[in-house]
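J.: below are the sequence and a predicted model for it; my questions follow.
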Amino acid sequence: MFFVQYSIFKMNGTTIIFYLLAALTLVSGFLSVTTRQIFRAAIYLLFSLIGIAGIYFWLNYQFIAAVQIVVYVGGIVVLIIFSIFLTQQAGELLPKQQIGRKIFAALAAFCGFALTMVQVWKHSFTKSTGDAVEATVTNIGAQMLSVDDNGYALPFEVVSVLLLAAMIGCIVIALRDKKIMNTEQGTPNKEV
Amino acid sequence: MPNAINIALIPLLPLAGFLLLGLFGKKIFKNSAGIIGTLILLISAGLAIYTAYGYFFDYGKVNDVYQKLIPLKYTWLEFSKDVSIDMGIILDPISAMMIVVVTFVSLMVHIYSLGYMKGEERYSTYYAYLSLFTFSMLGLVLSSNIFQIYIFWELVGVSSFLLIGFYYDRPSAVAASKKAFIVTRFADLGFLIGILVLSFYSGTLDFNTLIQKLTSPESSELKTAIASSFLGVSALTWGLTLVFIGGAGKSAMFPLHIWLPDAMEGPTPVSALIHAATMVVAGVYLVARLFPVFALSAPDALSIVANVGAISALFAAIIACTQTDIKRVLAYSTMSQIGYMMFALGVSKYGGEDGLGYTASMFHLFTHAMFKALLFLGAGAVIHYVHSNDMKDMGGLRKHLPITHITFLLACLSIAGFPLLAGFFSKEEILLAAYQHNAVIYWIALITSGLTAFYMFRLYFSIFWNKAYHAHGEHHGDGGVAMMLPLLLLAAGAVFAGYIPFGHFVSTDGKPLESEFHLSFSIAPVALGLIGILTAMWLYKNENEKPAKLAASLSGLYKSAYHKFYIDELYLFVTKKVLFNLVARPAAWFDKTVVDGLVNFTGNTTQDISERIKGIQSGKVQQYAIYFLVSAVVLALLFIYVWKG
Amino acid sequence: MMQPGLYHLLFISAALFFIGVYGFLTRRNLITMLMSVELILNSVNLNFIAFNKYVWPQRLDGVFFTVFVIAIAAAEAAVAIAIIINLYRSHQSIDVENAEELKY
């Protein structure tokens, strides 16, 4: 009895944590797409991503959680915040969207969500048999760099090339074109 | 045996000349084009004479019969095992004779043009065209199969077109070249269908095989060709008649002659070469080439040839009496003489003594090439001097152009059949052949020969006698050596060509033909010729009112002959009024409303629809995203609930 | 309360996905649209991890896909922000409604 109660208590603890993380993720995600202050939107996004990282921790995938925090929270969100600084005036509210568009988008999103969930509920997923592999850094690293049947060396290399290409692409796009520079010095030219 | 390379070089050298002058003439050989063209042709002519000499006196004769040799044969387009288009060379008496005629006259014209065309803007182009023509004509006469002859036939037509329209800044020359091309092209359609019919029934395109298959009485091809008939006429007769239509178009036979007088818009040496001596006799040559088939298997077709030839001869001679443009007189005279050759073929039979007409026709072709080229070149010298084509601007030129005068007189006497000149012998043979086989044609020929003498001497007296010539502008007399040398050489030909024993060389079956000379038979034509000459002398030697009076007394005939019997007008009526109004206009209406309407309707509808739906392409990214989402959801729904399975 | 499992995770994933879609459709500012895209990508990642955990625990494929998606998302974000800043330079605005030159 005690044991059972203890176990229930313990379960309740993880469950509560899960629900808290889920709520954090969804609520801040929702606020992120609805608030009219762009900086707050970025901060809400940050919290939503942290919530997801928390869910990864909860699921016992520490490596992915760490990557999530390092890349998303530390990298992308910071990048987004910088670009906000570059392009937005302080205290300026985001432009309002037409109400019709909002309703339509909400409806479309809800229908899609409903469709997906109906399908998910109707389907029963069966767990495959076999020994679970611990998602430890050692296992992930070994398989990531192995070249045998289950290895991921090739996609790893391809992604590295992709990152290089993206880097060069960013530099090329961000390079100041002479023509644009000239127009910027003079009157702003909408045509360019 | 003949050397194939030598023979192949005869046409190929002018081709090389054409390419050389045509490609580089304007820049490199601007002034030397004439010399180069002439030298190339000189070699070609030398080879031709060498070949002909070898053929006639060395290897051509086997057992006293001239053979049809094929020194070169090259399979060009092989459609199947039995059907192929070959390129080959045939060497037989007529082709050996023709290469000599073509290269000789062409050489004369080349030399003559050195003087005549000097200082012309497109001097090198002119020589390039001349070379192209010479190549095509030589290729035509040497063709060993009927499709090859058709190819060269069209090439000849093209070069004729180019040369008639040489002065393309003159609208009349452009119109004339178009007319010549269209009329001959129209006739060539007949030729092409004829080729198809003949080759369909004989199963071959090769001349020798075709003739053999369609003449030997036991061959199955001949039997089917005669048995199958269309509109009550056998397929063979149809095929040969259609081939003859092609020949009639090229040879300006009635009623396809209308292009020839207009073709005189070209430079005069060209008229001498193409429209007098060589190209226009291609039709005669074609009939002669297929003569065994005509004579042995389809006498009906041969009688068409005879009748058309006779009608053309008389018809053209009458018109020639009234024309005042000297080149047109010569053009009608050419048509008349070709009519002679045609009916001579038409009345001939195959083999032995009955084949006299064939020999006579080829003989006349040979002598005619000489004196008619001479006449044209002489007329060219006159035109060069007077700067006009019209008889009214001439007269009394014998003092100013002595050499031209003498040579022109010789040519006139020769064509009129004056005894002991070239034309006399060939014409006598033709008349004899006609006399032996067809009385009506004989009488037509006799009248025509009298008329020929009359109109030639009308021309002669109008140019060189009649009123005194009041020279204006510069005096350059006869022209240089370049222009006089060909006149003299051709005059020699016009006088002495008749002494060649032609029957020994050219006959229907290759065996020598002894032509007898009947003095009594010659009396009538010679007398008629003299009457013609004297009448012309009486009317035209001095300036007087007699011709006008005579014209007035024969007003109806004179007027219609002067207007060429309104054949041109008839064609115009048929093409402009009938074809234009009844066919072209409805067709144009159909094209404008129905065809264009359909096309426009398609275009307008497309434009309308795109105008309506272009709003979808709004440039707004989020709209596209919505379309995408909605479509994805709809597709998902459809796949899950509707298109299961 | 129910024991959280696969269905809960799938619910969160789907909800986050359609929140992202809603944001993508309604936001006019390009940077906020980019944020919505990030949300969508994260929901996909969550899906991968959930399936890896509850359906194929003996494999690590879901983990790898997640890692690659994160890497690609990083590259995408960098390129997208470069484009956005370039657009801002030429248009003085990053409102999508103002960048519609590619219409008919």
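T.: It's in.
J.: what bits of the chain have low per-residue confidence?
T.: No chain was given, so I picked chain A. Along chain A, segments meeting pLDDT under 70 span A:1-11, A:176-192.
J.: meant chain C actually
T.: Regions of chain C meeting the criterion pLDDT under 70 cover residues C:1-2.
J.: closest point of chain A to chain C, which residue?
T.: Of all residues in chain A, residue A:33 sits closest to chain C, at 2.9 Å by Cβ to the nearest Cβ. Placement of C-beta: from N, CA and C, glycine included.
J.: so who does that residue touch?
T.: By Cβ atoms under 8 Å, 6 or more residues apart in numbering or on different chains, the contact list for residue A:33 reads A:41, C:19, C:20, C:22, C:23, C:26, C:27, C:32, C:35, C:36, C:39.
J.: of those residues, which ones also sit close to chain B?
T.: By Cβ under 8 Å from any Cβ of the partner chain, the members of those lying near chain B are residue C:26.
J.: got a winner among the contacts of residue A:33 for most neighbours?
T.: Highest neighbour count within the contacts of residue A:33: residue C:35, with 30 neighbours (other Cβ atoms under 10 Å in any protein chain shown).
J.: test my guess that it contacts residue A:35.
T.: No: counting by Cβ atoms under 8 Å, residue A:35 is not a contact partner of residue C:35; they are 10.8 Å apart.
J.: ok, residue 76 - contacts?
T.: All of this is about chain A. Contact analysis of residue A:76 by Cβ under 8 Å, 6+ apart lists C:38, C:73, C:74, C:77.
J.: wrong chain, I was asking about chain B
T.: Taking Cβ under 8 Å, 6+ apart, we find residue B:76 in contact with B:84, B:85, B:86, B:87.
J.: so which of those residues sit within strands?
T.: In strands, judged by DSSP state E, the following of the contacts of residue B:76 are found: B:84, B:85, B:86, B:87.
J.: with neighbour count, pLDDT and distance to chain C added, can I get the residues you listed in a markdown table?
T.: A markdown table is the format used below for the ones in strands among the contacts of residue B:76 (neighbours: other Cβ atoms under 10 Å in any protein chain shown; pLDDT from 0 to 100; distance: Cβ to the nearest Cβ, whole Å):
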| residue | neighbour count | pLDDT | distance to chain C |
| --- | --- | --- | --- |
| B:84 | 16 | 75 | 59 |
| B:85 | 17 | 78 | 57 |
| B:86 | 20 | 81 | 62 |
| B:87 | 18 | 83 | 60 |
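J.: can you put those in a markdown table and add distance to residue B:25?
T.: A markdown table is the format used below for the ones in strands among the contacts of residue B:76 (distance: Cβ to Cβ, whole Å):
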| residue | distance to residue B:25 |
| --- | --- |
| B:84 | 36 |
| B:85 | 32 |
| B:86 | 33 |
| B:87 | 27 |
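J.: excluding sequence neighbours, find me the nearest residue to the residue of chain C found nearest chain A.
T.: As assessed by Cβ to the nearest Cβ, chain A sits closest to residue C:23 within chain C, at 2.9 Å. Nearest residue to residue C:23 in three dimensions, chain neighbours excluded: residue A:33, at 2.9 Å (Cβ to Cβ, 6 or more residues apart in numbering or on different chains).
J.: do residue B:55 as well
T.: residue B:96 is the one closest to residue B:55 (Cβ to Cβ, 6+ apart), at 4.6 Å.
J.: confirm the one you found sits in a strand?
T.: No: assessed with DSSP: H, G, I helix; E, B strand; the rest coil, residue B:96 is helix; it does not lie in a strand.
J.: neighbours around residue A:95, how many?
T.: 12.
J.: cool, and the one 5 residues further on?
T.: Other residues within reach of residue A:100 by the criterion other Cβ under 10 Å amount to 8.
J.: does any part of the helix or strand harbouring it sit near chain B?
T.: In the assignment (DSSP states H and E), residue A:100 maps to helix A:99-122. Yes: on the criterion Cβ under 8 Å from any Cβ, helix A:99-122 is in touch with chain B at A:101, A:104, A:105, A:108, A:111, A:112, A:115, A:119.
J.: ok, and the most crowded of these?
T.: When neighbours are counted by other Cβ under 10 Å, residue A:105 leads the residues of helix A:99-122 next to chain B with 23 neighbours.
J.: so that residue versus residue A:27, what's the distance?
T.: Remark: distance between residue A:105 and residue A:27 (Cβ to Cβ, to the nearest Å) = 19 Å.
J.: and what of residue A:150?
T.: In this structure, residue A:150 lies at 39 Å from residue A:27, with Cβ to Cβ as the measure.
J.: more neighbours, those two?
T.: Neighbour count, other Cβ under 10 Å: between residue A:150 and residue A:27, residue A:27 has more, with 15 against 10.
J.: quick one on the thing from earlier: now the contacts of residue A:76 in TSV, with secondary structure, distance to residue B:637 and neighbour count?
T.: Shown next, in TSV, are those (DSSP: H, G, I helix; E, B strand; the rest coil; distance: Cβ to Cβ, whole Å; neighbours: other Cβ atoms under 10 Å in any protein chain shown):
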residue	secondary structure	distance to residue B:637	neighbour count
C:38	helix	28	25
C:73	helix	29	22
C:74	helix	35	17
C:77	helix	32	24
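J.: near chain A, which of the residues you listed show up?
T.: Applying Cβ under 8 Å from any Cβ to the contacts of residue A:76, those adjacent to chain A are C:38, C:73, C:74, C:77.
J.: farthest pair within those?
T.: Spanning the widest gap among the ones next to chain A among the contacts of residue A:76 are C:38 and C:74, at 10.2 Å by Cβ to Cβ.
J.: what's around the nearest residue to residue B:49 once chain neighbours are set aside, how many residues?
T.: Leaving aside its chain neighbours, residue B:49 sits nearest to residue B:100 (5.9 Å; criterion: Cβ to Cβ, 6+ apart). Under the neighbour criterion other Cβ under 10 Å, residue B:100 is assigned a count of 19.
J.: just residue A:174 next, same as before
T.: Neighbours of residue A:174 under the rule other Cβ under 10 Å: 14.
J.: can you tell me the SS state at residue C:93?
T.: For residue C:93, the assignment made with three-state DSSP gives coil.
J.: now do it against residue A:83, distance only.
T.: 14 Å.
J.: spatially central residue for chain A, please.
T.: residue A:49 (5.6 Å; Cα atoms, centre = their mean).
J.: how much space separates it from chain B?
T.: Residue A:49 is 22 Å from chain B, where distance means Cβ to the nearest Cβ, to the nearest Å.
J.: wait, that residue touches residue C:45, no?
T.: No: in this structure, residue A:49 is not within contact of residue C:45 by Cβ under 8 Å, at 10.2 Å.
J.: quick check: neighbours shared by those two?
T.: Listed as contacting both residue A:49 and residue C:45 by Cβ under 8 Å, 6+ apart are residue A:68.
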